[in-house]
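*Asks:* A structural model of the following input is requested.
(one chain, ligands or ions: 1)
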Amino acid sequence: MRAPVVSGADKSATDRQTMDLFSGPFFEQARRQFHVIADYLEIPDDERDRLLLPKRAVAVACPIHRDDGTTAVFMGYRVQHHLTMGPTKGGTRYAPDLHMGEVAALAISMSWKCALAGLPYGGAKGGVAVDPHALSKRELEAVSRRYMQELIPFVGAKVDVMAPDMGTNEQTMAWYMDTYSMYHGQTVTEIVTGKPVGAGGTVGRREATGRGVVHLVGRAMERLQLSPGHATAIVQGFGNVGSVTAQTLVQQGVKVIGVSDHTSCYFDKNGLDIPAMIKHADLHGCLRGFSSELEFDPHELLIQKCDILVPAAMERVITEKNAPHLKCRILAEGANGPTTPEADRILAERNGEVFVIPDILCNAGGVVVSYFEWVQDLQQLFWTEPEVRDRLNRILERAFQAVMHRAERDHVPHRTAAMAIGVEKVRRAKQTRGLFP
Ligand code: NAD
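*Replies:* Numbers count the residues shown, from 1 in each chain. Now for the predicted structure:
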């Protein structure tokens with residue numbers, strides 16, 4: 001007999017109680033996306049809150065001494081979505097407007113991503129409401145160490161393992177690891193991933209997300225019978241994910257014709273000089289000042305004709321406004337949550353014109369290699385770069401095939417297929433373990 005089904009538009013009592021804590025359009029997006037999947041999987045009403053609502057959400061105040069002698073306090077957050085399949089795992093974001101709802105949405109998405117990739121983790125996410133560009137290096141170190149210090153009671157190598165995300169990098173992870181290690185009186189490299197190779201990191205982690213994006217773009221191109229040598233790409237965001245994606249696309253023979261970051265946007269239909277842009281960004285911290293001739297309107301960038309469009313900056317940039325006008329063949333979601341549910345509906349109505357590689361599949365390379373780093377740290381046995389690449393590609397390949405098979409079998413969009421595989425795995429684990437985790 002079929003279980004009763006509720007509409008994704010309805011909010012449960014618990015949903016309503018938690019709306020103040022987990023507010024904002026991004027959390028609402030994660031909630032709506034989940035209910036679409038729950039409707040498709042016919043998950044009964046009374047099981048939904050248990051799957052969706054985060055197990056633990058922590059807010060911490062992080063005071064620091066500023067360089068001018070004053071004191072400033074920055075709010076930090078960490079959300080651990082579920083503890084059913086092992087420790088939680090997820091990045092740490094530094095952004096001025098960060099709030100609990102955004103962090104919770106990202107943690108939930110991490111759960112479906114880890115389950116889809118077959119990793120033994122629940123999802124987590126964290127961060128600090130701070131503009132990293134507005135602090136000196138010393139101030140940034142002070143915030144980072146204080147944030148980790150405040151979270152020591154809630155994290156651990158078998159409890160919750162952090163990693164980089166927007167606004168943080170290898171250096172931030174080294175500060176976290178050092179702070180945690182000093183507290184414990186011994187070096188605990190496995191407490192965070194995305195560390196520098198010289199401090200217990202793995203080869204290939206920094207490049208993992210972008211390389212994973214390009215590997216999956218390659219699979220999509222095969223399906224669409226596009227050849228890299230004739231293909232063009234546009235990449236929004238030029239940080240870790242965007243710059244590595246652009247560079248790897250160029251290495252595969254793809255012409256990258258448009259690139260942007262938070263300071264500037266460039267377009268050249270003959271192809272941009274990506275290695276020169278990377279050098280410029282390394283030197284100046286951003287793309288501003290790269291070229292005055294190639295400047296372009298960032299609002300127009302995403303709707304330019306290209307074969308591969310890679311949003312690799314922030315969430316909710318593909319909306320009902322621009323979705324009807326996308327002129328790409330492949331939408332490769334390097335960022336988390338770049339496409340709103342309304343845009344998803346429009347893309348579905350466009351009947352396969354745009355081949356979507358959904359975020360939880362497309363950018364999973366980062367967490368997969370983070371998992372490799374954690375395993376290597378636990379064993380103190382380190383792999384070579386070809387080993388890391390080969391294992392990464394095998395996991396992505398398996399996930400890609402599973403998503404394609406599910407989408408074709410059930411005639412559902414790729415996002416529905418990918419999320420359903422993740423949600424089903426978490427649901428099964430919860431059903432067999434019981435109520436606690
Ligand atoms: P990052 O901080 O290294 O880079 C972010 C980039 O986005 C910067 O170039 C910044 O200038 C740009 N940006 C910010 N606002 C912009 C705007 N309005 N328009 C254009 N560009 C803008 O961050 P990252 O690690 O590359 O993360 C980017 C996205 O990828 C995020 O959604 C993150 O959650 C996701 N992600 C990252 C990883 C990882 O391993 N780092 C893994 C999976 C997903």
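*Asks:* How far off centre is stretch 352-372?
*Replies:* Chain-centre distance of stretch 352-372: 8 Å, with Cα atoms, centre = their mean, to the nearest Å.
*Asks:* go on, stretch 124-141?
*Replies:* With Cα atoms, centre = their mean, you get 18 Å for stretch 124-141.
*Asks:* What are the buried residues along it?
*Replies:* For stretch 124-141, the buried set under the neighbour-count rule, 16 or more other Cβ atoms under 10 Å, comprises 124-130, 132, 135, 139-141. From N, CA and C alone the C-beta is placed, and that goes for glycine too.
*Asks:* Does the residue nearest to Arg205 when sequence neighbours are not counted lie in a helix or a strand, and which?
*Replies:* Of all residues beyond its chain neighbours, the one nearest Arg205 is Val369 (4.8 Å), with distances taken as Cβ to Cβ, 6 or more residues apart in numbering. Here Val369 sits within helix 365-379, counting by DSSP states H and E.
*Asks:* on that earlier part again, measure the residue nearest to Arg205 to Gly210 for me?
*Replies:* Note on Val369: its distance to Gly210, by Cβ to Cβ, to the nearest Å, is 11 Å.
*Asks:* ok so, going back, let me see the confidence value for the residue nearest to Arg205.
*Replies:* At Val369, the predicted lDDT confidence score is 98.
*Asks:* likewise Ser7?
*Replies:* pLDDT recorded at Ser7 is 43.
*Asks:* Could you pull up the residues touching the spatially most central residue of the chain?
*Replies:* With distances taken as Cα atoms, centre = their mean, Asn336 lies nearest the centre of the chain, 4.2 Å away. Applying Cβ atoms under 8 Å, 6 or more residues apart in numbering to Asn336 gives the contacts 106, 109, 315, 359, 363.
*Asks:* With Gln236 instead?
*Replies:* Contacts of Gln236 by Cβ under 8 Å, 6+ apart are 242, 259-260, 301-302, 310-313, 317, 335.
*Asks:* among the residues you listed, which are in strands?
*Replies:* 259-260, 310-311 (DSSP state E).
*Asks:* Just name whatever secondary elements the helix holding Val369 is in contact with.
*Replies:* If you count contacts as 3 or more Cβ pairs under 8 Å, 6 or more residues apart in numbering; DSSP states H and E, helix 365-379 packs onto strand 88-95, helix 100-117, strand 160-164, helix 205-224, helix 385-410.
*Asks:* Tell me both backbone torsions, phi and psi, for Gly289.
*Replies:* Backbone dihedrals for Gly289, given as degrees, to the nearest 10, come out at phi 90, psi 10.
*Asks:* and the gap between Arg391 and the ligand?
*Replies:* 17 Å (Cβ to the nearest ligand atom, to the nearest Å).
*Asks:* Which one of the residues in this structure is closest to the ligand?
*Replies:* Nearest residue of the chain to the ligand (Cβ to the nearest ligand atom) works out as Gly239 at 1.7 Å.
*Asks:* Provide a list of residues in contact with that residue.
*Replies:* For Gly239, the contact set (Cβ under 8 Å, 6+ apart) comprises 166, 261, 312-313.
*Asks:* Ok, Arg427 next?
*Replies:* Arg427 neighbours (Cβ under 8 Å, 6+ apart): 41, 43, 47, 51.
*Asks:* what's the burial count for the second one?
*Replies:* Going back to what we said before, that points to Ile43. Residues lying near Ile43 (other Cβ atoms under 10 Å) number 22.
*Asks:* on that earlier part again, which two in the contacts of Gly239 are spaced the farthest apart?
*Replies:* Every pair in these was compared (Cβ to Cβ); the two farthest apart turn out to be Met166 and Asp261, at 11.7 Å.
*Asks:* between those two, what contacts are shared?
*Replies:* With Cβ under 8 Å, 6+ apart as the test, Met166 and Asp261 both reach 239, 313.
*Asks:* Rebuild the contacts of Arg427 as a markdown table, extending it with pLDDT, distance to Arg288 and secondary structure.
*Replies:* What follows is these, written out as a markdown table (pLDDT from 0 to 100; distance: Cβ to Cβ, whole Å; DSSP: H, G, I helix; E, B strand; the rest coil):
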| residue | pLDDT | distance to Arg288 | secondary structure |
| --- | --- | --- | --- |
| Leu41 | 98 | 46 | coil |
| Ile43 | 97 | 47 | coil |
| Glu47 | 94 | 49 | helix |
| Leu51 | 96 | 43 | helix |
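*Asks:* Pull out the buried members of the residues you listed.
*Replies:* Buried members of these, counted by 16+ other Cβ under 10 Å: 41, 43, 51.
*Asks:* do the helix or strand encompassing Arg138 and the ligand meet at all?
*Replies:* Assigned by DSSP H and E, Arg138 falls within helix 137-151. No - using Cβ under 6 Å from any ligand atom, helix 137-151 never reaches the ligand; the gap is at least 13.0 Å.
*Asks:* if I read this right, Val356 contacts Leu331, doesn't it?
*Replies:* Yes - with contact defined as Cβ atoms under 8 Å, Val356 reaches Leu331; the gap is 4.9 Å.
*Asks:* Overlap in contacts, those two.
*Replies:* Residues within reach of Val356 and of Leu331 at once, by Cβ under 8 Å, 6+ apart, are 339, 347.
*Asks:* ok, the residue nearest to Arg205 - how many residues close by?
*Replies:* 29.
*Asks:* repeat for Tyr183
*Replies:* 12.
*Asks:* Apart from its neighbours in sequence, what residue is nearest it?
*Replies:* Going by Cβ to Cβ, 6+ apart, Tyr183 has Ile152 as its nearest residue, at 5.7 Å.
*Asks:* Per-residue pLDDT of that neighbour, please?
*Replies:* Looking at Ile152, the pLDDT reads 98.
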